[in-house]
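# sequence first, then the predicted structure:
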Amino acid sequence: MKANPYLLYLKCSDCGREFSARKVHTFCPDCQAALITYYDLPTARRQLDRDALRARPRGMWRWRELLPVEDPANEVTLGEGDTPTLRMPRLGAALGLSQLFLKDESANPTGSFKARGLGAAVSRARELGIEKVIIPTAGNAGGAMAAYAARAGIRAHIFMPKDTPQANIQESRMAGAEVVLIDGLISDAAGMAGVKAREEGWFDLSTFKEPYRLEGKKVMGYEIAEFFNYQLPDVIVYPTGGGTGLVGIWKAIAELAELGWLETNKRPRMVAVQAEGCAPVPRAFQAGREFCDFWTNAHTLASGLRVPKSFADRLILNTLRESGGTALAVSDEAIFAAQSEIAKQEGLFVAPEGAATYAALKELMRQKWVTPTETILLLNTGSGLKYLDALQ
């Protein structure tokens, strides 16, 4: 019996061309743009009960009808999903905010939100008969892919910058992945992964260069809606590298609206946060552009934010504009000050990328872009324990 009879097709995010969801695809060959997964949501609206999904055993796969794996036997899981959303009373009081929350993705397997996207992508890869996968990574995605590939019995190959945190390098190797350390950035690693994929038949799981990492990440949006009783916060502040999570949350909100599960027409304003040393999204957003320019000499100790140009930059910018959101960059000094403050005030050792959201919130407060009575949600994407190298 198939878990999701609602899976329809893939569609190019640029030209709208449709592709079969039952065949192996990467991205649109005509537009070089990301493919997005579509479901039969009108039928799902008639047949699915949102409260029944809430009552299922916890984890990402309780939303399986809205995910792209057809046979539950192909779900590769390590227990990802249903991470806690925590009220931040002390930090909120310091900023004069009465409703400040943080969703803590460090509770996922391998210590970051990457478990969601790679769990979905590896599951679908196994279902489609793929036997070896490759990825370029700034850190956490590599560890997650290695773990899920090991769980699935699939070969894994990873290209990482040499200055990737040691925790990411060692966890990837421990899970059996072949790890190649390179001189350069994730953009250089992506080029090498692409060449090896084409020449040797590896399936490239790069951000937005296959359709299904987005589907795993969107479940964060389902969980956020569920936590807030399907009314949604006013503002969601998200650390943005490749942008899969930001776009995924916005996709989830659109799907929930089509399912008729939201209790209000209000939508959150989405905020993309980057580091001052690598800020292609704020630069493009503030200039009113549809695409980002490649950021030269990218540098930041928040390795997950050191992405000179996302493959889906247009989707990121569209999400910000459709939601009435914004984009801003913060300094490494502000990031690490925020990381320390969050730990001292709330007891959470968040990743630098997660800390960047609190640093950005302070700036948004100074700009009066948010108001004291609004409900604000920060996303922490990983564990600070992965980044001890940067603190030494």
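Looks like it arrived, so ask away. Residues are numbered from 1 along each chain as shown.
# list the contacts for the residue nearest to the spatial centre of the chain?
Centrality entry for the chain: nearest residue to the mean C-alpha point is Gly245, 2.7 Å, by C-alpha atoms, centre = their mean. Going by C-beta atoms under 8 Å, 6 or more residues apart in numbering, Gly245 touches Phe113, Gly117, Lys217, Met220, Tyr238, Leu379, Thr381. For every residue, glycine as well, the C-beta is placed using N, CA and C.
# counting by contacts, list what the one helix or strand the third one maps to packs against.
Right, the one you point to is Lys217. Per DSSP states H and E, Lys217 falls inside helix 213-227. Here helix 213-227 touches strand 35-39, strand 85-87, strand 99-104, helix 114-127, helix 244-259, going by 3 or more C-beta pairs under 8 Å, 6 or more residues apart in numbering; DSSP states H and E.
# and the pLDDT for the residue nearest to the centre of the chain?
At Gly245 the predicted local confidence, pLDDT, stands at 97.
# among the helices and strands packed on helix 213-227, which comes closest to Asp183?
Each of those has some distance to Asp183 by C-beta to C-beta; the shortest is helix 114-127, at 23.5 Å.
# against which helices or strands is that closest one packed?
Counting contacts by 3+ C-beta pairs under 8 Å, 6+ apart, helix 114-127 packs against helix 140-152, helix 213-227, helix 244-259.
# can you tell me which of those is most buried?
helix 140-152 (a mean of 28; mean count of other C-beta atoms under 10 Å).
# just how off-centre is it within its chain?
15 Å (C-alpha atoms, centre = their mean, to the nearest Å).
# could you look up the SS state of Phe19?
The three-state label given to Phe19 by DSSP: H, G, I helix; E, B strand; the rest coil is strand.
# and it, bridged to which residues?
Applying DSSP bridges to Phe19 gives these bridge partners: Leu10.
# picking that back up, which one of the helices and strands packed on helix 213-227 lies closest to Lys11?
strand 35-39 (5.5 Å).
# tell me where the stretch 51-200 of the chain has helices.
Applying DSSP state H, counting those that start in this stretch to the stretch 51-200 of the chain gives helices spanning 89-95, 114-127, 140-152, 166-174, 186-200.
# phi first, then psi, for Pro29.
For Pro29, the backbone dihedrals are phi -70, psi -20 (criterion: degrees, to the nearest 10).
# can you give me the distance of it to Gly245?
Between Pro29 and Gly245 the computed distance is 26 Å (C-beta to C-beta, to the nearest Å).
# who wins for proximity to Thr326 among the helices and strands packed on helix 213-227?
Closest among those, once you apply C-beta to C-beta, is helix 244-259, at 12.2 Å.
# and whatever helix or strand comes next after that closest one, how far out from the chain's middle?
Counting by DSSP H and E, the next helix or strand C-terminal to helix 244-259 is strand 269-275. Using C-alpha atoms, centre = their mean, the mean C-alpha position of strand 269-275 is found 13 Å from that of the whole chain.
# pLDDT of strand 269-275, averaged?
Computed over strand 269-275, the average pLDDT equals 98.
# next SSE after it?
Following strand 269-275 in sequence order, the next helix or strand is helix 280-287 (DSSP H and E).
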